[in-house]
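Participant: just coords:
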C-alpha cells in the first residue's frame, strides 16, 4: 500500500544523502542482489563465503565510497520483486542489459558476453544443426532463454527444459538426461574447467550481449 511506498521513498532519499557524504563517517550499506549459483560471477567458495568477479568488483566500489557491502543471494526469478521492495539496491551478477534497457536504471556496461550451447564432448553433437530432436536445458529468465525465444527457427528444432541454475544443467548433461545447455560463454568456460567430465562449447553464437549493474527504474 501507500505506507510501503512512503517507506521506500524515505529509504531511497536517506540512501542518496548517505551516498553523498564524502567522508566515511555515516557509512551506507550497499545491498547487492546476486544468484549464488552463477560462478565465476557470484558463488559460495570452499569456506562458505560468497565470492566471485562481480562481488569483488562491488567490494572495490564500496571501498572507494566508504560503503559497507551487503551480499544478498536471491532467486533469479524473484529479482524484480527484491528490487522493487527495496530489499536489494541493485542486481549485479552477470546481468544482461540487452533487451532490458528500459526496465532498469543501468550502469555503464562492463563486460561483453555470448550465449552458446554446451554439450558432452563424446555426444557426437558438433553444430547447432545436430541439436534437432534433442533436449536443451536453459535457466529460467536467463538471456539464453530470451535469445532462444527470439530465434524460433532454431529453437523449434529441439525441446527446451527450464532449470533453476546451471549446476542442475551440468548434472543433467553429465547424466545424459539432456543433450545440451544454452548459457553464457564465460560461465560455461568456468563450469567446464571445474568439472571432471569432458564438455565442449559449440562454435555457434546464439546471441551476444553486455553485462551491467541494474538498479530499480528511476533510481539514479
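Facilitator: Received the coordinates, thanks. Keep in mind that this is a model prediction, so the values were computed, not measured.

Participant: May I see the buried residues of the helix or strand hosting residue 119?
Facilitator: For residue 119, the host element (DSSP states H and E) is strand 111-120. Neighbour-count burial for strand 111-120 flags 111, 113-120 (criterion: 16 or more other Cβ atoms under 10 Å). In this view, the C-beta of every residue, glycine as well, is placed from N, C-alpha and C.

Participant: Nearest to residue 154 among these?
Facilitator: residue 117 (9.9 Å; Cβ to Cβ).

Participant: contacting residues for the closest one?
Facilitator: 128, 131, 136, 180-182, 201-202, 204, 206 (Cβ atoms under 8 Å, 6 or more residues apart in numbering).

Participant: my read: residue 213 touches residue 106, true?
Facilitator: Yes - counting by Cβ atoms under 8 Å, residue 106 is a contact partner of residue 213 at 7.0 Å.

Participant: how about the strands in the chain?
Facilitator: 29-34, 37-38, 42-44, 50-51, 68-73, 90-91, 104-106, 111-120, 135-139, 159-163, 180-184, 199-201, 207-211, 214-216 (DSSP state E).

Participant: Just send the buried residues of strand 111-120 back as CSV, with distance to residue 87 too.
Facilitator: CSV is the format used below for those (distance: Cβ to Cβ, whole Å):
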residue, distance to residue 87
111, 25
113, 27
114, 31
115, 29
116, 33
117, 35
118, 33
119, 38
120, 39
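
Participant: nearest to residue 53, of these?
Facilitator: For the buried residues of strand 111-120, the minimum distance to residue 53 (Cβ to Cβ) is 8.6 Å, reached by residue 111.

Participant: what residues are up against that closest one?
Facilitator: Residues near residue 111 by Cβ under 8 Å, 6+ apart: 94, 186, 210-211.

Participant: List buried members of the residues you listed by neighbour count.
Facilitator: Looks like those have 94, 186, 211 buried, using 16+ other Cβ under 10 Å.

Participant: State the pair within the contacts of residue 111 that is farthest apart.
Facilitator: 186 and 210 (12.2 Å).

Participant: Between residue 213 and residue 106, which is the more surrounded one?
Facilitator: residue 213 (23 against 18; other Cβ atoms under 10 Å).

Participant: quick one, helices of this structure?
Facilitator: 2-20, 53-65, 79-85, 143-150, 152-155, 166-175, 185-193 (DSSP state H).

Participant: so can I have JSON lines of the buried residues of strand 111-120 showing pLDDT and distance to residue 29?
Facilitator: Output for the buried residues of strand 111-120, formatted as JSON lines (pLDDT from 0 to 100; distance: Cβ to Cβ, whole Å):
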{"residue": "111", "pLDDT": "94", "distance to residue 29": "25"}
{"residue": "113", "pLDDT": "91", "distance to residue 29": "29"}
{"residue": "114", "pLDDT": "95", "distance to residue 29": "34"}
{"residue": "115", "pLDDT": "96", "distance to residue 29": "34"}
{"residue": "116", "pLDDT": "98", "distance to residue 29": "37"}
{"residue": "117", "pLDDT": "98", "distance to residue 29": "40"}
{"residue": "118", "pLDDT": "98", "distance to residue 29": "37"}
{"residue": "119", "pLDDT": "98", "distance to residue 29": "43"}
{"residue": "120", "pLDDT": "97", "distance to residue 29": "44"}
